[in-house]
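A.B. asks: Give me coordinates for this.
(4 chains)
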There are 4 protein chains.
Amino acid sequence: MANSIISCEIELEAPFFDVDLMEIVWHGHYAKYFELARCALLDKIGYGYMAMRDSGYSWPIIDLRIRYAKPIHFNQKIIVQAHLVEWQNRLKINYQIIDKTTHTRLTKGYTSQVAVDLSSQEMCYESPAILWQKLGLQKP
Amino acid sequence: MANSIISCEIELEAPFFDVDLMEIVWHGHYAKYFELARCALLDKIGYGYMAMRDSGYSWPIIDLRIRYAKPIHFNQKIIVQAHLVEWQNRLKINYQIIDKTTHTRLTKGYTSQVAVDLSSQEMCYESPAILWQKLGLQKP
Amino acid sequence: MANSIISCEIELEAPFFDVDLMEIVWHGHYAKYFELARCALLDKIGYGYMAMRDSGYSWPIIDLRIRYAKPIHFNQKIIVQAHLVEWQNRLKINYQIIDKTTHTRLTKGYTSQVAVDLSSQEMCYESPAILWQKLGLQKP
Amino acid sequence: MANSIISCEIELEAPFFDVDLMEIVWHGHYAKYFELARCALLDKIGYGYMAMRDSGYSWPIIDLRIRYAKPIHFNQKIIVQAHLVEWQNRLKINYQIIDKTTHTRLTKGYTSQVAVDLSSQEMCYESPAILWQKLGLQKP
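C.D. replies: The predicted structure is shown next:
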């Protein structure tokens, strides 16, 4: 993805307990698959959940969008890709889920997160310096 | 909501097992809250999951959006409102989650579903007659 | 239940997202149903999760047993009963799940919890005085 | 384990969405970890969920026991071991969860399953021939 500063992908197999009686993965479980890819991406820059908290910020999800193109079945092997596309004011990550075997795209979506200062509980209108630093960038 | 043909609301209390270590409901669980309100709305018109399947159609979710304005805490009493806003070609439902005590809006979002013919597994480009009938409407 | 000092029951309807492709509630979800009944019971004596933490103790589950006699189906209305049966050294709660309509017993089980002192992280070999007090009993 | 006819182990990392506000994995999620190990074990003998259904039997869980010795924390790497210990009349599998780094035992437990004939919906008092065959054993 051209405008992605950092990317990450993980592999999964759809577990039995995520499959509903229509014999497909229940749509609400995809948020877990996105999160696993997002955690892998954030760990890659050394800014996972615990590093976030240690830096004095939480980064709650403020927006989630999931577009389901094709269903995922029990035991299906999938790849979840996460691409960081915005970081200046919020952390926006795009996702794609593709079938591991055929490389067909099954799902796309995104999440947005904003920094919240843990001492004041105030939302930050710009991403704090620590995020730029973790990304190896100079905050302008 | 002016353009909603039918609405429904349910009450919930955020359970312990939905709360994460940031002490708020983990964002992925909201899909369950939306679904409980959607099921209540669809039951109201006699077109819940089982009636859908009996009518020869599944109605998979093809789009989910959730915008988180304020967090939900453990034991917080919330109201989840569902409003049916489109039905001609797809089933689009808008949601709002509000705090039961203060009536502050916490979340809004929507889901879109399309009919899939269970015999052919083909997606329908128009909602089938059965949906109109359940809504008490004449398909034009 | 003769030897239960305090009891509580809640009503539930099995939600779609708890049902697996065998068209029954996936066995792992029962821990949530037990917890909802346990929380209701503990709230009744003013010693829910938050009160526990405020009292300086956590009460982790150390043992869980679930015996599944009959399956629970989508939308089935159930009653979950919780009975406090031990409190001197640990908190043991027995559960029964019965069908709301027929009163057939579907499931039984129990959980055991022990107090852990939050300051020392030590497990307590006897339940602390605060539990006896909440139960309206004199610790011998 | 001396009396285990077949064993299997999987590795996991405790995901954020399984961790509760006490900052440990919520006890109800362990049923998923056991299931992942059980599925791996059953796949090893070619008798996973789908093969079970194709063989004309479902194998519902009738008993689950989990004993929690030490908590699991966010991101903790764990190994889940499954040992098949009974198969004549029911399928009993023992589990252990150990820390991947220290090999400390964190949890032990078991599940029991019985065959249910899918055509008659009758529970089988003996395991059907297909299970023995999958185990490479002669039914006496």
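A.B. asks: What parts of chain A come near chain D?
C.D. replies: Proximity of chain A to chain D, by Cβ under 8 Å from any Cβ of the partner chain, involves residues A:15-17, A:31-32, A:35-36, A:39, A:48-50, A:74-75. Just so you know, the C-beta spots here come from the backbone N, C-alpha and C atoms, and that holds for glycine as well.
A.B. asks: what would these look like in CSV with secondary structure and neighbour count?
C.D. replies: Below are the residues of chain A next to chain D laid out as CSV (DSSP: H, G, I helix; E, B strand; the rest coil; neighbours: other Cβ atoms under 10 Å in any protein chain shown):
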residue, secondary structure, neighbour count
A:Pro15, coil, 15
A:Phe16, helix, 20
A:Phe17, helix, 19
A:Ala31, helix, 22
A:Lys32, helix, 19
A:Glu35, helix, 22
A:Leu36, helix, 18
A:Cys39, helix, 21
A:Gly48, coil, 19
A:Tyr49, helix, 21
A:Met50, helix, 13
A:Phe74, coil, 20
A:Asn75, coil, 15
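A.B. asks: Mind putting those into TSV with pLDDT and distance to B:Ser4?
C.D. replies: Converted to TSV, these look like this (pLDDT from 0 to 100; distance: Cβ to Cβ, whole Å):
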residue	pLDDT	distance to B:Ser4
A:Pro15	97	37
A:Phe16	96	37
A:Phe17	97	34
A:Ala31	98	26
A:Lys32	98	31
A:Glu35	98	32
A:Leu36	98	36
A:Cys39	97	37
A:Gly48	95	41
A:Tyr49	91	38
A:Met50	92	43
A:Phe74	95	36
A:Asn75	95	40
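A.B. asks: which ones among those come in contact with chain B?
C.D. replies: Okay, of the residues of chain A next to chain D touching chain B (Cβ under 8 Å from any Cβ), that's A:Ala31, A:Lys32, A:Glu35, A:Tyr49.
A.B. asks: which one among those residues gets closest to A:Cys8?
C.D. replies: Nearest to A:Cys8 among those: A:Glu35, at 12.3 Å, using Cβ to Cβ.
A.B. asks: any idea how far the closest one is from A:Ile93?
C.D. replies: Distance of A:Glu35 to A:Ile93, given as Cβ to Cβ, to the nearest Å: 10 Å.
A.B. asks: helix or strand right after the helix or strand in which A:Ile78 is found?
C.D. replies: Taking DSSP states H and E as the definition, one finds A:Ile78 inside strand A:77-86. As assigned by DSSP H and E, the chain's next helix or strand after strand A:77-86 is strand A:91-99.
A.B. asks: Enumerate every residue touching whatever residue is furthest in space from the centre of chain A.
C.D. replies: Distance from the C-alpha centroid of chain A peaks at A:Leu21, with 27.1 Å (Cα atoms, centre = their mean). Each residue near A:Leu21 by Cβ atoms under 8 Å, 6 or more residues apart in numbering or on different chains is listed here: B:Tyr49, C:Phe16, C:Val19, C:Asp20, C:Leu21, C:Glu23, C:Phe74.
A.B. asks: quick one: the third one and C:Val25 touch, right?
C.D. replies: Yes: the pair C:Val19 and C:Val25 qualifies as a contact (Cβ atoms under 8 Å) at a distance of 5.8 Å.
A.B. asks: and for those two, which residues touch both?
C.D. replies: Taking Cβ under 8 Å, 6+ apart as the criterion, C:Val19 and C:Val25 both touch C:His73, C:Phe74.
A.B. asks: what residues does chain A put near chain C?
C.D. replies: Checking chain A against chain C by Cβ under 8 Å from any Cβ, the hits are A:Phe16, A:Phe17, A:Val19, A:Asp20, A:Leu21, A:Glu23, A:Trp26, A:Gly28, A:Phe74.
A.B. asks: For the nearest residue to A:Glu122 once chain neighbours are set aside, name its beta-bridge partners.
C.D. replies: Of all residues not flanking A:Glu122 in the chain, A:Val116 sits nearest, at 7.0 Å (Cβ to Cβ, 6 or more residues apart in numbering or on different chains). Going by DSSP bridges, A:Val116 is paired in beta bridges with A:Ser58, A:Met123.
A.B. asks: Could you do A:Ile93 as well?
C.D. replies: Beta-bridge partners for A:Ile93, by DSSP bridges, are A:Leu84, A:Thr111.
A.B. asks: so who does A:Glu11 touch?
C.D. replies: A:Lys77, A:Ile78, A:Ile79, A:Val80, A:Lys100.
A.B. asks: contacting residues for the fourth one?
C.D. replies: What it means is A:Val80. Shown in contact with A:Val80 (Cβ under 8 Å, 6+ apart): A:Glu9, A:Ile10, A:Glu11, A:Leu12, A:Tyr33, A:Phe34, A:Leu36, A:Ala37, A:Tyr95, A:Gln96, A:Ile97.
A.B. asks: where are the low-confidence patches of chain A?
C.D. replies: Applying pLDDT under 70 to chain A picks out residues A:1-2.
A.B. asks: near chain B, which residues of it?
C.D. replies: Applying Cβ under 8 Å from any Cβ, one finds that chain A approaches chain B through A:21-22, A:24, A:27-29, A:31-32, A:35, A:49, A:53, A:58, A:60-69, A:71.
A.B. asks: number of nearby residues for the closest residue in space to A:His73 that isn't next to it in sequence?
C.D. replies: In space, and not counting its chain neighbours, A:His73 is closest to A:Ile24: 6.1 Å by Cβ to Cβ, 6+ apart. By other Cβ atoms under 10 Å in any protein chain shown, 20 other residues sit near A:Ile24.
A.B. asks: neighbours around the closest residue to A:Gln138 other than its chain neighbours, how many?
C.D. replies: Excluding the flanking residues, the one nearest A:Gln138 by Cβ to Cβ, 6+ apart is A:Trp132, at 6.8 Å. The tally of other residues near A:Trp132 (other Cβ under 10 Å) stands at 16.
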